[in-house]
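Peer 1: Here's my sequence, what's the structure:
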Amino acid sequence: MISKKGKLILVFSLAILSLLALSFATIGDFVPYSEMSEAEQAEYDFQMFKKSMAETYHQNVTKDDYLRLREGTSKMLDAYELDMEKYSKTSDEFNVAYSDHIFIGRVVEHKGNYQAQPNELRNPYNLFDVEIIELIKGPALKREIELKQIGGYYTADYVTKEFIRESDTRLEDYEKYDQGYYGFMEYGDSLIEVGEVYLFITVSQLDGRGTIFTQEDRILLEDFDEKGIEAFDEVRYYKKLTSEIKNFDRIRCIANEEI
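Peer 2: Take a look at the predicted model:
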């Protein structure tokens, strides 16, 4: 089965295409779309997309952004269709193809829990500093990377202000978590732990952070200091996958958070 990350990619891609499709079904300035010139249609498409991105992601997009995202989304969906038979065999293969970096790293500091911003995925997130022990895939990294884990807890105040007023739900409808209210993308997920060593499969954000989304994106390497890298089958497995699987050419969201 395809991973949850893969489903998120498709949802976002289809959302972009849906925004584009709106322009073909709407009439601008009371002139039917079909009666516009080619240049007028192109400009109308862009203005519709710009308006939708401003309302949905609070982002001001340029014409270059629009053309890049439109072309990139189409190519990505085409590539996804072609590669489904291969990458749907295991979610590991898809995650390797989609990732920017795969590395072994030690979590050295937890920098805090943060509430989702209007232009981000609706989950809270936590920031960590991670020391790079060995890079398996991707461009060279510095000795440490700031890692963003999607998931954590919502404060009661945030839930009340941002969620309750937008729906009929009550505060009691949200699962209670140690320091607030449940906000992970997968049931049973938890925060990575300071001092532990993991094999991380990450994507890069536009701000330079690495990001992990679900439990599929890291593997705890227990007793790493005593055993050493070569003792772990998981490390050999991901090195082998990395050497065999081509990178997945994905689009990147203009907003601070990318999917």
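
Peer 1: any idea whether residue 145 is helix, strand or coil?
Peer 2: strand (DSSP: H, G, I helix; E, B strand; the rest coil).

Peer 1: residues touching it, list them.
Peer 2: 101, 105, 129-130, 132, 209-210 (C-beta atoms under 8 Å, 6 or more residues apart in numbering). Using the backbone N, CA and C atoms, a C-beta is placed for each residue, glycine as well.

Peer 1: which one among those gets closest to residue 35?
Peer 2: residue 209 (47.2 Å; C-beta to C-beta).

Peer 1: And the closest one, how far from residue 146?
Peer 2: Residue 209 is 5 Å from residue 146, where distance means C-beta to C-beta, to the nearest Å.

Peer 1: who touches both of those two?
Peer 2: In contact with both residue 209 and residue 146: residue 127, using C-beta under 8 Å, 6+ apart.

Peer 1: follow-up on the earlier one: what two of the contacts of residue 145 have the greatest distance between them?
Peer 2: 101 and 129 (15.2 Å).

Peer 1: If we only consider the contacts of residue 145, which is nearest to residue 190?
Peer 2: Nearest member of those to residue 190, counting by C-beta to C-beta, is residue 130, at 16.4 Å.

Peer 1: wait, residue 147 sits on residue 128?
Peer 2: Yes. Residue 147 is within contact range of residue 128, at 4.7 Å (criterion: C-beta atoms under 8 Å).

Peer 1: give me phi/psi at residue 111?
Peer 2: Dihedral angles phi and psi of residue 111 (degrees, to the nearest 10) take the values phi -100, psi 0.

Peer 1: So residue 65, which state does it fall into?
Peer 2: Residue 65 - assigned by three-state DSSP - is helix.

Peer 1: Please apply the same query to residue 93.
Peer 2: Strictly by three-state DSSP, residue 93 counts as helix.

Peer 1: mind checking how far it is from residue 110?
Peer 2: Residue 93 is 31 Å from residue 110, by C-beta to C-beta.

Peer 1: picking up where we left off before, out of residue 101 and residue 129, which sits in the busier spot?
Peer 2: residue 101 (20 against 16; other C-beta atoms under 10 Å).

Peer 1: What residues does the more buried one make contact with?
Peer 2: Counted by C-beta under 8 Å, 6+ apart, residue 101 has contacts 135, 137-139, 141, 145, 200, 202, 204, 210.
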